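1. below: sequence and its predicted model.
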Number of protein chains: 2
Amino acid sequence: MNTGKRLAHRPVDQAKQDAILASARDEFFEYGFESASIERIAAAANVSKVTIYNHFQNKENLFSAMVGSECRIMRGNLPEMSDEEMPLRTELVNFAQAMMEFLSSPDIIRFDRRMAAEVERHPELGELFLNAGPRLMQKMLIEMLACEMEKGKLAKANPQEAAAHLFGSVKGFADVEWRFSDPKKAAASVTTASLEAAIDRFLLAYST
Amino acid sequence: MNTGKRLAHRPVDQAKQDAILASARDEFFEYGFESASIERIAAAANVSKVTIYNHFQNKENLFSAMVGSECRIMRGNLPEMSDEEMPLRTELVNFAQAMMEFLSSPDIIRFDRRMAAEVERHPELGELFLNAGPRLMQKMLIEMLACEMEKGKLAKANPQEAAAHLFGSVKGFADVEWRFSDPKKAAASVTTASLEAAIDRFLLAYST
DNA sequence: GTTTAATTAAACGCTACCGTCCAATAAGTG
DNA sequence: CACTTATTGGACGGTAGCGTTTAATTAAAC
């Protein structure tokens, strides 16, 4: 009796799978879904085209798998709340800083730019992305603010709204510039000072 | 002697030019630059392929011309400040409302989604878009707030920063949802109440 | 060493599009 | 009318990619 494993076979080469997904990411992000070439992906991954088709059936599946994989990675890299007790302002500044650094990183911007276009043809991947990134960050922020309201450090208010105000104020016009201009130039425009100014205005608006 | 006009010729059919640009917009926005088909554009515009090449030389030029044309249109549709005197809060709410309606319109979202992707390959078009839309709106807001600060209705502060805070607070998380989820669903989430809440917090943070 | 499945290289038929060329026609001006 | 230019349809060579097939090779399990 065997335990469900097939008995004699050559196992899948996991390294190749990873290489395929990585090449697929580069190719799809560079050219977009429609004009990405599976043959280039295969070549870049040092893999036969047939191997790709064996595992992913077609372009759609490969793209979905790639996006899923990238979402998992992004999820793991999300900025986290620190556990230590610290003054509210410090806590907010730290979070805002981590958030802006994350959002302005080249990988995220590339992901953002390309996914925005592909969502029209792949709506379900838009939801996947939202749930793996933006909505998670939103939830973290909401809980954090709700907690501070509970503790009386912030005026009682709708934490969902407060999170939107904080998040939005900190971003300001920056994200638009990131998306449509040279990210390097745009990223430089976010200074610690401008970030702290946003936090301070927020604290003023939500002071007890 | 003639005035620079050539004397005997068949004039360009302007209606055809417009049809070409309109079809180009639909095609490029639907498929992206790389996999848009000039032959489909020609067919959709009821025009011969040669006519397109006569006027736009190649795909790049056609794309640029289309984006330029769309930017001109967008510029004309930007929400404007009303001239009438009215209470500050009313003024801000009106502007915010117009802004959100503009930003969440299907045309703008489509434009935004596609341009984000194409900017990597056409950086100059990103600048064109920024200057025709976002940066203009930013400038309007800055001037408006600077003016109110001058009048003493708002606390003296950096108007550039204040504009970022106002703009960001009003948008909140909405634009992310617009871009990656079904715009119809997402647009519904922006209520007058949430909009007024943002304005009121802003007024609190910048009260004199 | 035998068996089984993973992987490969090469080629195939098919479809699509780019950018160009040509000969024919249409629509205005003088 | 004659003239000039815009526009057309069709065809062309060249490139490129998809998804499939085939026959051969490889790597592990037994």
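-> Yep, that arrived.
2. starting at the chain centroid, how far to the helix or strand of chain A with the lowest mean pLDDT?
-> Least confident element among the helices and strands of chain A, by mean pLDDT, DSSP states H and E: helix A:183-188 (a mean of 75). Averaging C-alpha positions (CA atoms, centre = their mean, to the nearest Å) puts helix A:183-188 18 Å from its chain's average.
3. can I get the CA coordinates of it in CSV?
-> Only the C-alpha atoms of helix A:183-188 are listed here, as CSV (Å, rounded to 0.1, in the frame of the first residue of the first chain):
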residue,chain,number,x,y,z
PRO,A,183,9.6,57.7,-9.7
LYS,A,184,13.1,58.6,-8.6
LYS,A,185,12.4,62.3,-9.0
ALA,A,186,9.0,61.9,-7.4
ALA,A,187,10.2,59.9,-4.5
ALA,A,188,12.7,62.6,-3.5
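4. let's verify A:Ala155: helix, strand, or coil?
-> On the three-state scheme (DSSP: H, G, I helix; E, B strand; the rest coil), A:Ala155 is labelled coil.
5. tell me the contacts of it?
-> Applying CB atoms under 8 Å, 6 or more residues apart in numbering or on different chains, we find A:Ala155 in contact with A:Met149, A:Tyr206, A:Ser207, A:Thr208. (Glycine included, C-beta is placed from N, CA and C.)
6. let's see 6 Å
-> A:Tyr206, A:Thr208 (CB atoms under 6 Å, 6 or more residues apart in numbering or on different chains).
7. so how far is stretch A:142-151 off the chain centroid?
-> Taking CA atoms, centre = their mean, one finds the center of stretch A:142-151 at 24 Å from the center of the full chain.
8. next, the buried residues of that stretch.
-> A:Ile142, A:Met144, A:Leu145, A:Ala146, A:Glu148, A:Met149 (16 or more other CB atoms under 10 Å in any protein chain shown).
9. out of those, list just those in helices.
-> Among the buried residues of stretch A:142-151, the members found in helices (DSSP state H) are A:Ile142, A:Met144, A:Leu145, A:Ala146, A:Glu148, A:Met149.
10. about what we covered before: just give me the closest of the buried residues of stretch A:142-151 to DNA strand D.
-> Nearest to DNA strand D among the buried residues of stretch A:142-151: A:Ile142, at 41.4 Å, using CB to the nearest atom of the strand.
11. ok, and which of the buried residues of stretch A:142-151 reach DNA strand C?
-> By CB under 7 Å from any atom of the strand, no member of those lies near DNA strand C.
12. wait, which of the residues you listed is closest to chain B?
-> Comparing the buried residues of stretch A:142-151 against chain B with CB to the nearest CB places A:Ile142 closest, at 10.0 Å.
13. nearest residue to the closest one in space, please, no chain neighbours.
-> A:Ala163 (4.5 Å; CB to CB, 6 or more residues apart in numbering or on different chains).
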